[in-house]
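Peer 1: missing the sequence, but the structure's below:
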(Lines give C-alpha, C1' and ligand atoms only; values in the text may rest on other atoms or scores of the structure.)
Protein backbone atom coordinates (compact mmCIF):
# COMPACT_ATOMS: atom_id res chain seq x y z
CA UNK A 1 0.00 0.00 0.00
CA UNK A 2 1.53 3.32 -0.97
CA UNK A 3 1.49 6.19 1.49
CA UNK A 4 -1.18 8.82 0.93
CA UNK A 5 -1.63 12.10 2.72
CA UNK A 6 -2.96 15.60 2.43
CA UNK A 7 -0.37 18.26 1.65
CA UNK A 8 0.83 18.90 5.17
CA UNK A 9 4.22 18.30 6.81
CA UNK A 10 2.52 17.33 10.07
CA UNK A 11 -0.42 14.93 9.59
CA UNK A 12 -3.08 14.82 12.32
CA UNK A 13 -3.49 11.07 11.88
CA UNK A 14 -0.97 8.46 10.82
CA UNK A 15 -2.14 4.91 10.18
CA UNK A 16 -0.04 1.75 9.82
CA UNK A 17 -2.11 -0.89 8.02
CA UNK A 18 -1.86 -3.93 5.80
CA UNK A 19 -5.49 -3.88 4.57
CA UNK A 20 -6.60 -1.73 1.61
CA UNK A 21 -10.21 -1.62 2.84
CA UNK A 22 -9.14 0.06 6.06
CA UNK A 23 -7.18 2.65 4.11
CA UNK A 24 -10.27 3.52 2.07
CA UNK A 25 -12.28 3.99 5.28
CA UNK A 26 -9.62 6.32 6.69
CA UNK A 27 -9.52 8.48 3.58
CA UNK A 28 -13.31 8.77 3.59
CA UNK A 29 -13.41 9.64 7.31
CA UNK A 30 -10.56 12.17 7.28
CA UNK A 31 -11.43 13.97 4.06
CA UNK A 32 -9.23 17.05 3.75
CA UNK A 33 -7.84 16.69 7.29
CA UNK A 34 -4.08 16.00 7.08
CA UNK A 35 -3.39 12.29 7.40
CA UNK A 36 -0.96 9.63 6.22
CA UNK A 37 -1.34 5.91 5.59
CA UNK A 38 1.76 3.71 5.79
CA UNK A 39 2.28 0.05 5.02
CA UNK A 40 2.88 -2.09 8.10
CA UNK A 41 1.62 -2.95 11.56
CA UNK A 42 2.27 -1.67 15.11
CA UNK A 43 5.88 -2.85 14.96
CA UNK A 44 6.46 -0.72 11.87
CA UNK A 45 4.85 2.21 13.67
CA UNK A 46 7.32 1.86 16.54
CA UNK A 47 10.26 1.95 14.13
CA UNK A 48 8.82 5.02 12.39
CA UNK A 49 8.15 6.97 15.61
CA UNK A 50 11.66 6.34 16.88
CA UNK A 51 12.80 9.02 14.43
CA UNK A 52 9.61 11.04 13.75
CA UNK A 53 7.32 13.15 15.98
CA UNK A 54 4.11 11.58 17.26
CA UNK A 55 0.88 12.64 15.53
CA UNK A 56 -2.33 13.66 17.28
CA UNK A 57 -3.82 10.25 16.42
CA UNK A 58 -1.97 7.02 15.70
CA UNK A 59 -3.90 4.09 14.22
CA UNK A 60 -2.02 0.78 14.27
CA UNK A 61 -2.82 -2.74 13.20
CA UNK A 62 -2.28 -5.70 15.56
CA UNK A 63 -2.25 -9.07 13.74
CA UNK A 64 -3.26 -11.15 16.78
CA UNK A 65 -3.89 -11.04 20.53
CA UNK A 66 -0.72 -13.05 21.13
CA UNK A 67 1.46 -10.45 19.40
CA UNK A 68 -0.26 -7.45 21.01
CA UNK A 69 1.70 -7.21 24.32
CA UNK A 70 5.15 -7.14 22.72
CA UNK A 71 4.08 -4.77 19.95
CA UNK A 72 2.35 -2.29 22.26
CA UNK A 73 5.22 -2.39 24.74
CA UNK A 74 7.61 -1.48 21.93
CA UNK A 75 5.26 1.28 20.79
CA UNK A 76 4.95 2.70 24.31
CA UNK A 77 8.67 3.47 24.33
CA UNK A 78 8.38 5.94 21.43
CA UNK A 79 4.84 7.33 21.28
CA UNK A 80 4.05 10.63 23.03
CA UNK A 81 1.69 10.48 26.02
CA UNK A 82 -0.72 12.95 24.39
CA UNK A 83 -1.11 10.87 21.23
CA UNK A 84 -4.41 9.02 20.99
CA UNK A 85 -3.64 5.45 19.92
CA UNK A 86 -6.36 3.50 18.11
CA UNK A 87 -5.76 -0.21 17.59
CA UNK A 88 -7.37 -2.22 14.81
CA UNK A 89 -7.20 -5.93 14.12
CA UNK A 90 -9.07 -9.21 13.63
CA UNK A 91 -9.48 -10.09 17.34
CA UNK A 92 -13.21 -10.21 18.09
CA UNK A 93 -13.08 -10.35 21.91
CA UNK A 94 -14.51 -8.00 24.50
CA UNK A 95 -11.87 -9.08 27.02
CA UNK A 96 -9.18 -8.05 24.50
CA UNK A 97 -10.95 -4.71 24.08
CA UNK A 98 -11.08 -4.17 27.87
CA UNK A 99 -7.39 -5.07 28.19
CA UNK A 100 -6.48 -2.47 25.56
CA UNK A 101 -8.47 0.25 27.33
CA UNK A 102 -6.76 -0.54 30.63
CA UNK A 103 -3.43 0.01 28.89
CA UNK A 104 -4.57 3.49 27.92
CA UNK A 105 -5.45 2.73 24.29
CA UNK A 106 -8.04 5.23 23.03
CA UNK A 107 -10.19 2.69 21.16
CA UNK A 108 -10.24 -0.62 19.29
CA UNK A 109 -11.77 -1.11 15.82
CA UNK A 110 -12.52 -4.61 14.59
CA UNK A 111 -11.46 -5.12 10.98
CA UNK A 112 -12.85 -4.31 8.54
CA UNK A 113 -14.07 -0.99 9.98
CA UNK A 114 -16.06 1.70 8.21
CA UNK A 115 -15.49 5.43 7.89
CA UNK A 116 -18.45 6.05 10.21
CA UNK A 117 -16.93 3.81 12.90
CA UNK A 118 -13.63 5.69 12.71
CA UNK A 119 -15.40 9.04 12.97
CA UNK A 120 -17.21 7.85 16.11
CA UNK A 121 -13.95 6.59 17.56
CA UNK A 122 -12.27 9.95 17.01
CA UNK A 123 -15.14 11.71 18.77
CA UNK A 124 -14.75 9.66 21.95
CA UNK A 125 -13.57 11.67 24.92
CA UNK A 126 -13.65 14.94 23.02
CA UNK A 127 -16.26 17.61 23.69
CA UNK A 128 -17.56 19.82 20.87
CA UNK A 129 -15.44 22.85 19.99
CA UNK A 130 -18.23 25.30 20.81
CA UNK A 131 -18.25 25.18 24.57
CA UNK A 132 -18.80 27.66 27.34
CA UNK A 133 -15.62 28.47 29.20
CA UNK A 134 -15.16 26.95 32.64
CA UNK A 135 -12.66 28.13 35.21
CA UNK A 136 -9.42 26.14 35.40
CA UNK A 137 -9.51 23.55 38.17
CA UNK A 138 -6.77 23.89 40.75
CA UNK A 139 -4.42 21.00 41.41
CA UNK A 140 -4.89 19.26 44.76
CA UNK A 141 -2.56 17.02 46.74
CA UNK A 142 -4.21 14.87 49.40
CA UNK A 143 -2.26 12.53 51.68
CA UNK A 144 -3.62 9.90 54.06
CA UNK A 145 -1.70 8.19 56.87
CA UNK A 146 -2.95 5.67 59.40
CA UNK A 147 -2.45 6.17 63.12
CA UNK A 148 -1.96 2.39 63.27
CA UNK A 149 -1.69 -0.40 60.73
CA UNK A 150 -4.83 -2.07 59.46
CA UNK A 151 -7.24 0.81 60.08
CA UNK A 152 -8.35 0.97 56.44
CA UNK A 153 -6.23 3.88 55.20
CA UNK A 154 -5.54 2.40 51.75
CA UNK A 155 -9.19 1.52 51.13
CA UNK A 156 -10.35 4.92 52.35
CA UNK A 157 -7.89 6.87 50.19
CA UNK A 158 -8.53 4.77 47.07
CA UNK A 159 -12.28 5.22 47.46
CA UNK A 160 -11.89 8.96 48.04
CA UNK A 161 -9.86 9.32 44.83
CA UNK A 162 -12.39 7.17 42.96
CA UNK A 163 -15.26 9.39 44.16
CA UNK A 164 -13.58 12.49 42.79
CA UNK A 165 -12.41 10.88 39.56
CA UNK A 166 -15.75 9.31 38.67
CA UNK A 167 -18.28 11.81 40.04
CA UNK A 168 -16.57 14.88 38.60
CA UNK A 169 -14.44 13.44 35.76
CA UNK A 170 -11.29 14.78 37.40
CA UNK A 171 -8.00 13.26 36.12
CA UNK A 172 -6.81 11.59 39.32
CA UNK A 173 -3.91 9.45 40.47
CA UNK A 174 -3.61 7.41 43.66
CA UNK A 175 -0.03 6.70 44.76
CA UNK A 176 1.10 4.01 47.21
CA UNK A 177 4.35 5.16 48.82
CA UNK A 178 5.14 1.84 50.53
CA UNK A 179 7.57 -0.04 48.23
CA UNK A 180 7.54 -3.30 50.20
CA UNK A 181 4.11 -3.70 51.78
CA UNK A 182 1.95 -1.36 49.72
CA UNK A 183 -1.42 -2.98 49.09
CA UNK A 184 -3.23 -0.52 46.83
CA UNK A 185 -2.95 -2.71 43.71
CA UNK A 186 -3.42 -5.92 45.68
CA UNK A 187 -6.62 -4.59 47.26
CA UNK A 188 -8.14 -4.16 43.80
CA UNK A 189 -6.82 -7.48 42.44
CA UNK A 190 -4.51 -5.64 40.01
CA UNK A 191 -0.91 -6.28 39.00
CA UNK A 192 1.50 -3.78 40.62
CA UNK A 193 3.34 -1.42 38.30
CA UNK A 194 7.10 -1.10 37.81
CA UNK A 195 7.80 2.64 38.06
CA UNK A 196 8.00 3.38 41.74
CA UNK A 197 11.52 2.12 42.43
CA UNK A 198 12.95 4.65 39.97
CA UNK A 199 10.81 7.33 41.61
CA UNK A 200 12.66 6.66 44.86
CA UNK A 201 16.17 6.02 43.60
CA UNK A 202 16.41 7.86 40.24
CA UNK A 203 13.87 10.72 40.42
CA UNK A 204 15.75 12.87 37.87
CA UNK A 205 15.06 10.23 35.20
CA UNK A 206 11.29 10.16 35.54
CA UNK A 207 8.88 12.21 33.44
CA UNK A 208 5.14 12.17 32.81
CA UNK A 209 5.45 9.81 29.84
CA UNK A 210 7.48 7.29 31.86
CA UNK A 211 4.98 7.33 34.73
CA UNK A 212 2.01 7.09 32.36
CA UNK A 213 3.35 3.90 30.80
CA UNK A 214 3.56 2.17 34.17
CA UNK A 215 0.22 3.34 35.58
CA UNK A 216 -2.49 0.91 36.63
CA UNK A 217 -5.90 2.13 35.48
CA UNK A 218 -8.87 0.82 37.52
CA UNK A 219 -11.10 3.00 35.33
CA UNK A 220 -10.89 6.25 33.38
CA UNK A 221 -10.00 8.86 34.69
CA UNK A 222 -8.42 7.16 37.75
CA UNK A 223 -4.82 5.97 37.52
CA UNK A 224 -2.69 4.30 40.14
CA UNK A 225 0.98 3.94 41.03
CA UNK A 226 1.72 0.94 43.22
CA UNK A 227 4.61 -1.48 43.43
CA UNK A 228 5.75 -4.60 45.27
CA UNK A 229 9.51 -4.70 45.73
CA UNK A 230 11.49 -7.63 47.12
CA UNK A 231 11.95 -7.63 50.88
CA UNK A 232 15.63 -8.34 50.25
CA UNK A 233 16.08 -4.94 48.62
CA UNK A 234 16.90 -1.83 50.63
CA UNK A 235 15.42 1.22 48.93
CA UNK A 236 16.76 4.63 49.88
CA UNK A 237 14.78 7.58 48.46
CA UNK A 238 16.77 10.47 47.02
CA UNK A 239 16.35 13.87 48.67
CA UNK A 240 14.42 15.33 45.71
CA UNK A 241 12.18 12.30 45.09
CA UNK A 242 9.02 13.82 46.60
CA UNK A 243 9.40 17.17 44.89
CA UNK A 244 10.07 15.56 41.53
CA UNK A 245 7.19 13.09 41.82
CA UNK A 246 4.58 15.72 42.74
CA UNK A 247 5.74 18.15 40.06
CA UNK A 248 5.67 15.46 37.36
CA UNK A 249 2.24 14.11 38.32
CA UNK A 250 0.76 17.61 38.35
CA UNK A 251 1.52 17.86 34.64
CA UNK A 252 -1.22 15.30 33.93
CA UNK A 253 -3.50 15.09 36.98
CA UNK A 254 -5.71 17.47 38.94
CA UNK A 255 -5.89 15.21 42.00
CA UNK A 256 -2.87 13.54 43.57
CA UNK A 257 -3.85 11.17 46.41
CA UNK A 258 -0.96 9.66 48.40
CA UNK A 259 -1.17 6.62 50.68
CA UNK A 260 1.65 7.37 53.14
CA UNK A 261 3.16 4.48 55.15
CA UNK A 262 3.87 4.86 58.86
CA UNK A 263 7.55 4.14 58.22
CA UNK A 264 8.53 7.79 57.79
CA UNK A 265 11.10 8.41 55.01
CA UNK A 266 12.34 11.64 53.39
CA UNK A 267 9.87 10.99 50.57
CA UNK A 268 6.86 10.56 52.84
CA UNK A 269 7.93 13.56 54.97
CA UNK A 270 7.99 15.74 51.88
CA UNK A 271 4.56 14.57 50.73
CA UNK A 272 3.02 15.13 54.19
CA UNK A 273 4.60 18.56 54.51
CA UNK A 274 3.47 19.73 51.06
CA UNK A 275 0.01 18.16 50.76
CA UNK A 276 -2.95 20.53 50.61
CA UNK A 277 -4.81 18.24 53.01
CA UNK A 278 -3.65 15.40 55.26
CA UNK A 279 -6.10 12.79 56.51
CA UNK A 280 -5.17 10.96 59.70
CA UNK A 281 -7.12 7.69 59.77
CA UNK A 282 -7.75 5.91 63.08
CA UNK A 283 -10.17 3.59 64.82
CA UNK A 284 -12.01 4.92 67.92
CA UNK A 285 -10.02 2.83 70.39
CA UNK A 286 -7.69 3.53 73.29
CA UNK A 287 -4.80 1.97 71.34
CA UNK A 288 -5.17 4.61 68.64
CA UNK A 289 -4.93 7.65 70.93
CA UNK A 290 -1.15 7.60 71.40
CA UNK A 291 -0.41 7.33 67.70
CA UNK A 292 -2.95 9.99 66.73
CA UNK A 293 -1.02 12.37 68.96
CA UNK A 294 2.36 11.28 67.60
CA UNK A 295 1.36 11.80 63.95
CA UNK A 296 -0.28 15.12 64.78
CA UNK A 297 2.90 16.31 66.49
CA UNK A 298 4.98 15.20 63.49
CA UNK A 299 2.85 17.34 61.20
CA UNK A 300 2.36 20.38 63.42
CA UNK A 301 5.69 20.63 65.23
CA UNK A 302 8.13 19.23 62.67
CA UNK A 303 6.44 19.81 59.31
CA UNK A 304 5.07 23.18 60.48
CA UNK A 305 1.67 22.65 58.94
CA UNK A 306 -1.92 22.69 60.24
CA UNK A 307 -3.25 19.74 62.21
CA UNK A 308 -4.51 16.88 60.00
CA UNK A 309 -8.15 16.05 59.41
CA UNK A 310 -8.99 13.23 61.80
CA UNK A 311 -11.09 10.46 60.24
CA UNK A 312 -12.50 7.75 62.50
CA UNK A 313 -12.99 4.56 60.51
CA UNK A 314 -14.86 1.33 61.30
CA UNK A 315 -16.97 2.97 63.95
CA UNK A 316 -19.13 0.29 65.56
CA UNK A 317 -16.74 -2.62 64.98
CA UNK A 318 -15.60 -2.75 68.62
CA UNK A 319 -18.91 -2.24 70.41
CA UNK A 320 -17.59 -2.93 73.92
CA UNK A 321 -14.23 -1.16 73.82
CA UNK A 322 -15.07 1.63 71.38
CA UNK A 323 -14.59 5.26 72.43
CA UNK A 324 -17.17 7.86 71.55
CA UNK A 325 -16.32 10.53 68.99
CA UNK A 326 -16.39 13.20 71.70
CA UNK A 327 -14.05 11.15 73.93
CA UNK A 328 -11.50 10.78 71.11
CA UNK A 329 -11.69 14.50 70.34
CA UNK A 330 -11.21 15.39 74.00
CA UNK A 331 -8.18 13.13 74.49
CA UNK A 332 -6.31 14.23 71.35
CA UNK A 333 -7.39 17.86 71.30
CA UNK A 334 -8.70 17.63 67.73
CA UNK A 335 -12.16 17.69 66.24
CA UNK A 336 -13.23 14.63 64.29
CA UNK A 337 -13.66 15.62 60.65
CA UNK A 338 -15.49 12.44 59.62
CA UNK A 339 -16.78 9.22 61.20
CA UNK A 340 -17.30 6.20 58.96
CA UNK A 341 -19.28 3.23 60.23
CA UNK A 342 -18.27 -0.40 59.97
CA UNK A 343 -20.25 -2.39 57.38
CA UNK A 344 -19.86 -6.08 56.66
CA UNK A 345 -20.60 -5.39 52.98
CA UNK A 346 -17.56 -3.09 52.87
CA UNK A 347 -15.35 -5.73 54.49
CA UNK A 348 -16.63 -8.40 52.09
CA UNK A 349 -16.09 -6.18 49.04
CA UNK A 350 -12.53 -5.37 50.14
CA UNK A 351 -11.84 -9.08 50.73
CA UNK A 352 -12.92 -9.81 47.14
CA UNK A 353 -10.48 -7.21 45.78
CA UNK A 354 -13.18 -4.96 44.33
CA UNK A 355 -13.50 -1.20 44.18
CA UNK A 356 -16.11 -0.13 46.74
CA UNK A 357 -17.91 2.16 44.29
CA UNK A 358 -18.87 -0.87 42.20
CA UNK A 359 -21.02 -2.34 44.97
CA UNK A 360 -24.55 -0.95 44.72
CA UNK A 361 -25.17 -1.68 48.41
CA UNK A 362 -22.47 0.80 49.43
CA UNK A 363 -23.65 3.97 47.69
CA UNK A 364 -25.28 5.29 50.86
CA UNK A 365 -22.52 4.30 53.35
CA UNK A 366 -19.90 5.90 51.09
CA UNK A 367 -21.81 9.15 50.66
CA UNK A 368 -20.12 10.94 53.63
CA UNK A 369 -16.66 10.07 52.27
CA UNK A 370 -17.55 11.31 48.79
CA UNK A 371 -18.92 14.52 50.29
CA UNK A 372 -15.66 15.04 52.18
CA UNK A 373 -13.75 14.43 48.95
CA UNK A 374 -15.82 17.12 47.23
CA UNK A 375 -15.04 19.63 49.97
CA UNK A 376 -11.33 18.89 49.85
CA UNK A 377 -11.33 19.56 46.11
CA UNK A 378 -13.39 22.72 46.54
CA UNK A 379 -16.28 21.22 44.58
CA UNK A 380 -19.75 22.34 45.62
CA UNK A 381 -20.57 23.68 49.05
CA UNK A 382 -20.28 20.66 51.25
CA UNK A 383 -22.52 18.42 49.18
CA UNK A 384 -21.71 16.49 46.08
CA UNK A 385 -22.73 17.95 42.75
CA UNK A 386 -23.27 14.51 41.25
CA UNK A 387 -26.93 13.70 40.85
CA UNK A 388 -28.48 10.73 42.72
CA UNK A 389 -29.16 9.04 39.40
CA UNK A 390 -25.52 9.37 38.40
CA UNK A 391 -24.34 8.01 41.74
CA UNK A 392 -26.54 4.94 41.37
CA UNK A 393 -24.82 4.18 38.07
CA UNK A 394 -21.31 4.48 39.45
CA UNK A 395 -20.87 0.90 40.67
CA UNK A 396 -21.75 -0.48 37.23
CA UNK A 397 -19.27 1.62 35.28
CA UNK A 398 -16.10 -0.33 34.60
CA UNK A 399 -17.34 -3.39 36.49
CA UNK A 400 -15.84 -6.69 35.47
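Peer 2: Looks like it arrived, so ask away. Please read these numbers as outputs of a predicted model, since none were measured by experiment. Residues are numbered from 1 along each chain as shown.

Peer 1: please identify which helix or strand holds the residue most central in space within the chain.
Peer 2: Using CA atoms, centre = their mean, the residue of the chain that lies closest to the mean C-alpha position is residue 223, 1.3 Å off. Secondary-structure element containing residue 223, defined by DSSP states H and E: strand 222-225.

Peer 1: tell me which residues of whichever helix or strand comes after that strand come out buried.
Peer 2: Following strand 222-225 in sequence order, the next helix or strand is helix 241-249 (DSSP H and E). Neighbour counts using 16 or more other CB atoms under 10 Å place 241, 242, 244, 245, 246, 248, 249 of helix 241-249 among the buried residues. All C-beta spots, glycine's among them, are computed from the backbone N, C-alpha and C.

Peer 1: ok, residues contacting stretch 95-111?
Peer 2: Contact with stretch 95-111 is made by 19, 21-22, 57, 59, 61, 65, 68, 72, 84-92, 117-118, 121, 124-125, 212, 215, 217, 220, as judged by CB atoms under 8 Å, 6 or more residues apart in numbering.

Peer 1: just the ones of those in strands?
Peer 2: In this view, these that belong to strands under DSSP state E are 57, 59, 61, 84, 85, 86, 87, 88, 89, 217.

Peer 1: next, find the distance separating the third one from residue 364.
Peer 2: Right, the one you point to is residue 61. Computed with CB to CB, to the nearest Å, the distance linking residue 61 and residue 364 is 47 Å.

Peer 1: neighbour count: the two, which is higher?
Peer 2: Neighbours were tallied for residue 61 and for residue 364 using other CB atoms under 10 Å; the higher tally belongs to residue 61 (23 against 10).

Peer 1: how about the nearest residue to the more buried one, chain neighbours excluded?
Peer 2: Using CB to CB, 6 or more residues apart in numbering and skipping residues adjacent in sequence, the residue nearest residue 61 is residue 41, 4.5 Å away.

Peer 1: what's around the one you found, how many residues?
Peer 2: Count around residue 41 with other CB under 10 Å applied: 18.

Peer 1: test my guess that it contacts residue 64.
Peer 2: No: with contact defined as CB atoms under 8 Å, residue 41 does not count as touching residue 64 (10.2 Å).

Peer 1: and the strand holding residue 223, what does it pack against?
Peer 2: Where contact means 3 or more CB pairs under 8 Å, 6 or more residues apart in numbering; DSSP states H and E, strand 222-225 is packed against helix 153-168, strand 172-176, strand 216-219.

Peer 1: run through who's touching it.
Peer 2: Contacts with strand 222-225, where a contact means CB under 8 Å, 6+ apart, come from 158, 161-162, 165-166, 171-176, 184-185, 188, 190, 193, 195-196, 199, 211-212, 214-218, 253.

Peer 1: sheet partners, orientation included, of that strand?
Peer 2: Strand pairing for strand 222-225, using DSSP bridges, gives strand 172-176 (parallel), strand 216-219 (antiparallel).

Peer 1: and the helix or strand immediately after the first one in the chain, average pLDDT?
Peer 2: Scanning forward in sequence from strand 172-176, with DSSP H and E defining helices and strands, the next element found is helix 184-187. In this model, helix 184-187 has an average pLDDT of 84.

Peer 1: who touches helix 184-187?
Peer 2: Defining contact as CB under 8 Å, 6+ apart, one finds that helix 184-187 is touched by 154-155, 158, 174, 176, 191-193, 216, 224, 226-228, 259, 350, 353.
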